[in-house]
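Q: One predicted model, sequence on top.
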Amino acid sequence: MSRVLSYEEKNTWIHRLCGVTKLIFFLLWSLTSMLTYDTRVLLVMLVLSIVILRASKTEWRQIGTVFKFILFFLFINLIAIYVLAPNQGTLIYGTDTYVCHLFKGHDLNQEMIFYEINVFLKYMTVVPTVFIFLVTTNPSEFAASMNRVGISYKIGYAIAISLRYIPDIQSDFVKIKNAQQARGIEMAKKAPFFQRIKHICAILFPLVFSSMDRIDVVSNAMELRGFGKHKKRTWYMGKALKKSDYIVVAFVVLFSAVALFVTFRDGSRFYNPFI
Amino acid sequence: METKKSKFGIKEVVAIGIGTALFVVLTEVAIPLGFIPNTALQVRAGMLAFIAALFGPIVGGVVGLLGHALGDAVFYGSVWWSWVIPDAVFGIAVGLFAKKFAINDGGFDGKKIALFNVVQVVANAVAWILCAPVLDIVIYKEPANKVFLQGIWAFIGDVIICAIIGSLLGFGYSKIKGSSSSLSKED
């Protein structure tokens, strides 16, 4: 579980919020950041999300490795956009302000730099909210509170089961991997293609089939306890929506509405400083 | 699936839960495929095809959606929605033929494996060559040639992985399930 983001108990107002509140916040936030390409809106969102991340007392050791990973992928993505479509900026902003020549067919212009910065910002506004959601939400409480706001408890339970079993299946995976490595089956980077697939199968098959057994065991256990018999159920970890939850939801709805209004007021998703 | 009382019974709830967990864990297992960002031979795609073929469209779709979103979130810290939705589409599409595959009845071989592969190629094409690039352009306004290139790479990768791992998983599991009865007819 080294590289994975997971819940950690702390006592901040963000931890005390209901899981669903945080989910609504995350969904609306990422929807807004998906729709807007307005640099001003994105900058405000970035600053706000970093402030909230600070408020949740999330430490670097919880998110550091994942964050570095994201940066790596993001830069590959940015480079690929430039290599494959060096004129995307001009296409969007309509002007072409020459900066310098890089290599054949790839002049660098301000519009392209600006577009790439926007893509970067778009990513970066969502990342902190994902961190906040995953690091501050207790999975059991989350399932309970989803049911509370009217989502079928079967769906809540399916999600709770998946969150509950990720660590178990991960440890199964590591165990099987180690066992196979002890037999000389290595997931080596340099092995030929088909050999690698074969080796992965040697791990995958036991893992998938034991998980299928687990599905049988768990569903039998639940059946014995009468799961699904009644329309309602009670929750041990359930939390009622409090005043702070309503305030947060109201804030994010209002914020998204204003952000989208500002973005689309001039009829375009883009903020264009070039005209 | 023994009785037909409900389409969304206990088994489906648990299959979604554990299938999603499996999908998330397998996010780590990928064979890189050239330089194009965020495309690799995703082992989890083969596993999704298997789960969908076994449990049907609801489980397939939800595992694709939830597994991809959650897996991206815990491993990469961001959710790339335009690639999450195609996985759900893929799960649903393969799942629609679950009854035809009859993996649970132990008859998944020959013709059914061929059918499975036809279905997965079509489902992959719809998901990665159609859905993903279009959503990328609509949501993220990425350059068209880049996203179609990515889409086609993902399509090729997923077709290969589903053809190998999906078929093998289905075949192996079908064999185990089909021969689970230890009773044999006495002469």
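A: It's in.
Q: got a list of what A:S33 touches?
A: A:S33 sits next to A:L42, A:M45, A:K122, A:T125, A:V126 when contact means CB atoms under 8 Å, 6 or more residues apart in numbering or on different chains. C-beta coordinates here come from the backbone N, C-alpha and C atoms, glycine included.
Q: residue ranges with poor pLDDT in chain B?
A: B:1-7, B:32-40, B:77-78, B:178-187 (pLDDT under 70).
Q: I'd like to know how far the closest residue to A:G19 other than its chain neighbours sits from chain B.
A: Counting by CB to CB, 6 or more residues apart in numbering or on different chains, the nearest residue to A:G19 once its immediate chain neighbours are dropped is A:F142, at 3.4 Å. For A:F142, the distance to chain B (CB to the nearest CB, to the nearest Å) stands at 12 Å.
Q: Counting neighbours, what do you get for the closest residue to chain B within chain A?
A: With CB to the nearest CB, the shortest gap between chain A and chain B falls at A:I161, namely 2.6 Å. Using other CB atoms under 10 Å in any protein chain shown, A:I161 is surrounded by 25 other residues.
Q: is it true that it touches A:I215?
A: No - between A:I161 and A:I215 there is no contact, the gap being 9.7 Å when judged by CB atoms under 8 Å.
Q: what touches both of those two?
A: The contact lists of A:I161 and A:I215 share B:V14, B:I18, where a contact means CB under 8 Å, 6+ apart.
Q: now the strands for chain B?
A: Per DSSP state E, chain B carries strands over the ranges B:30-32, B:40-42.
Q: contacting residues for the nearest residue to A:E111 once chain neighbours are set aside?
A: Among residues not flanking A:E111 along the chain, A:G89 sits closest, at 3.2 Å (CB to CB, 6+ apart). Shown in contact with A:G89 (CB under 8 Å, 6+ apart): A:N109, A:Q110, A:E111, A:M112, A:I113, A:F114, A:Y115, A:E116.
Q: Name the nearest of the contacts of A:S33 relative to A:I24.
A: Using CB to CB, A:V126 comes nearest to A:I24 of the contacts of A:S33, at 14.8 Å.
Q: Which secondary structure state is assigned to A:N272?
A: coil (DSSP: H, G, I helix; E, B strand; the rest coil).
Q: Skip the chain neighbours and tell me the closest residue to it.
A: Closest residue in space to A:N272, ignoring its immediate chain neighbours: A:Y93 at 5.3 Å, by CB to CB, 6+ apart.
Q: residues near A:L91, how many?
A: 14.
Q: who's in contact with it?
A: Going by CB under 8 Å, 6+ apart, A:L91 touches A:A85.
Q: what do you get for B:I113?
A: By CB under 8 Å, 6+ apart, the contact set of B:I113 is B:S167, B:G170, B:F171.
Q: picking that back up, the residue nearest to A:N272 contacts A:F270, correct?
A: Yes - at 6.9 Å, A:Y93 counts as touching A:F270 under the criterion of CB under 8 Å.
Q: Give me the distance between stretch A:234-245 and the centre of its chain.
A: Centroid separation for stretch A:234-245 versus its chain: 24 Å, with CA atoms, centre = their mean, to the nearest Å.
Q: and if you look at stretch A:170-179?
A: Counting by CA atoms, centre = their mean, stretch A:170-179 comes out at 25 Å from the chain centroid.
Q: same thing with stretch A:201-217?
A: 26 Å.
Q: what's the average pLDDT for the lengthiest helix in chain A?
A: The single longest helix within chain A, with elements called by DSSP state H, is helix A:193-224. Averaging pLDDT along helix A:193-224 gives 88.
Q: In that helix, which of the residues would be classed as buried?
A: Neighbour counts over helix A:193-224 (16 or more other CB atoms under 10 Å in any protein chain shown) mark A:196-197, A:199-208, A:211-212, A:214-215, A:218-219, A:222 as buried.
Q: quick revisit: can you work out which other helices and strands pack against the one helix or strand the residue of chain A closest to chain B maps to?
A: Element membership for A:I161, per DSSP states H and E: helix A:153-182. Counting by 3 or more CB pairs under 8 Å, 6 or more residues apart in numbering or on different chains; DSSP states H and E, the packing neighbours recorded for helix A:153-182 are helix A:139-148, helix A:193-224, helix B:10-26, helix B:57-76.
Q: that older thread, might you report the residue contacts of the residue of chain A closest to chain B?
A: A:V218, B:V13, B:V14, B:I16, B:G17, B:I18, B:A21.
Q: ok, now which ones touch the fourth one?
A: What that stands for is B:I16. Residues near B:I16 by CB under 8 Å, 6+ apart: A:A158, A:I161, A:S162, B:I58, B:V59, B:V62, B:V63, B:L66.
Q: nearest spatial neighbour of it, skipping sequence neighbours?
A: Once flanking residues are discounted, B:I16 sits nearest to A:A158: 4.0 Å by CB to CB, 6+ apart.
Q: quick one: the residue in chain B that chain A sits nearest to and B:L70, what's the gap?
A: Across chain B, no residue is closer to chain A than B:G17, which sits at 2.6 Å (CB to the nearest CB). As judged by CB to CB, to the nearest Å, B:G17 and B:L70 stand 11 Å apart.
Q: what about the two, which has more around it?
A: Between B:G17 and B:L70, counted using other CB under 10 Å, the more crowded position is B:G17 (28 against 22).
Q: any idea how far the closest residue to that one other than its chain neighbours is from B:I18?
A: In space, and not counting its chain neighbours, B:G17 is closest to A:I161: 2.6 Å by CB to CB, 6+ apart. Computed as CB to CB, the A:I161 to B:I18 distance reads 7 Å.
Q: what is in contact with these two at once?
A: With CB under 8 Å, 6+ apart as the test, A:I161 and B:I18 both reach A:V218.
Q: Do a quick rundown of the helices in chain B.
A: B:10-26, B:43-55, B:57-76, B:81-95, B:98-101, B:111-124, B:132-135, B:144-161, B:167-178.
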